[in-house]
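give me a 3D structure for the following:
(one chain, ligands or ions: 2)
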Amino acid sequence: MVSDTTTITLALSKGRIYDETLPLLETAGIQPLDDPETSRKLLIATNRADVKIIIVRASDVPTYVQYGAADLGIAGKDVLLEHGGEGLYQPLDLEIARCRMMVAVENEFDYESAVRQGARLRVATKYLNTARAHFGSKGVHVDLIKLYGSMELAPLVGLAEAIVDLVSSGNTLKANNLRAVEEIMPISSRLIVNQAALKLKRHLLQPMLDSFSEAVGKVSR
Ligand code: ATP
Ligand code: MG
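Numbering: from 1, shown residues only. Ligands and ions are numbered 1, 2, ... in the order given. As a prediction, this is how the structure comes out:
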């Protein structure tokens, strides 16, 4: 499904991604006509009649773009790894919403010797694919427990020995008596584009991609 070839739809999530995307849009000459933080609108018009923005959950952005309901979007690498990236062209790391995917445990838990002894660990996370790949490559046996949020609570109430979560300042870990024991990977947000839309709407999409590349200091392709 690719909607009409005279307009483009950009999928964004509220909060940090939206806030950090605004300056990039500005460089492409695009100004939203509503603020999603104060307006309840999920479909936002811009100063350009040919560009509209939809506001969706961060983890839903790749799905909207995959099916062509949005032509392009911005999503964290964490979200893209869980989604799988099917049908998506990922031309650019925008280097926004930066943080790190980490393994964390309670301060008192001896993670290093548990791993050394080959113990089986219960790991609570929203990021099943990433966690499975990480512990698999280290040869650590884990039972993964899927959560949708507040992973920091799991070790404190005995649901799991470890969590896999995003960390930026580390203050949330500290406030909950947790410590990071491994960095899995650095995370930032990427531009994603529907592959069919890129062919059918290149005249509209390419100038936007070029402005974004320029804004993040990369040579456009
Ligand atoms: P929700 O908060 O609605 O449950 P979410 O946590 O996926 O969904 P955000 O908190 O807006 O949504 O996070 C969006 C993206 O920003 C994440 O996918 C990740 O790439 C990045 N991110 C998450 N937490 C941080 C953080 N503490 N610092 C910097 N970037 C982050
Ligand atoms: Mg969040």
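
every contact and neighbour count from this point should use C-alpha atoms.
Fine.

of all of this protein, which residue lies closest to ligand 1?
Residue nearest to ligand 1 within the chain: residue 76 (3.4 Å; CA to the nearest ligand atom).

now that residue, nearest residue through space, not along the chain?
residue 189 (3.9 Å; CA to CA, 6 or more residues apart in numbering).

as a check, name the ranges of all helices in this structure.
16-27, 61-66, 77-83, 111-116, 128-138, 153-156, 171-175, 195-200, 202-215 (DSSP state H).

what does the second one contact?
With CA atoms under 8 Å, 6 or more residues apart in numbering as the test, helix 61-66 has contacts from 11-13, 70-75, 79-80, 83, 85-88, 192-194.

what's the burial count for residue 78?
23 (other CA atoms under 10 Å).

hmm, it is touching residue 127, no?
Yes. Between residue 78 and residue 127 there is a contact under CA atoms under 8 Å: 7.4 Å.

parallel or antiparallel, list what pairs with the longest strand along the chain.
Using DSSP state E to define each element, the chain has its longest strand at strand 88-106. Using DSSP bridges, the strands paired with strand 88-106 in its sheet are strand 162-167 (antiparallel), strand 178-194 (antiparallel).

would you mind measuring from the residue nearest the centre of the chain to residue 58?
Centre of the chain computed as the mean C-alpha position; nearest residue by CA atoms, centre = their mean is residue 76, 1.9 Å away. In this view, residue 76 and residue 58 are 8 Å apart by CA to CA, to the nearest Å.

tell me the residues of this protein that contact ligand 1?
Listed as neighbours of ligand 1 in the chain under the rule CA under 6 Å from any ligand atom: 15-16, 57-59, 76-79, 97-99, 166-168, 188-189.

make it 5 Å
Applying CA under 5 Å from any ligand atom, we find that the chain lies next to ligand 1 at 58, 76, 97-99, 168.

fine, thanks again, bye for now.
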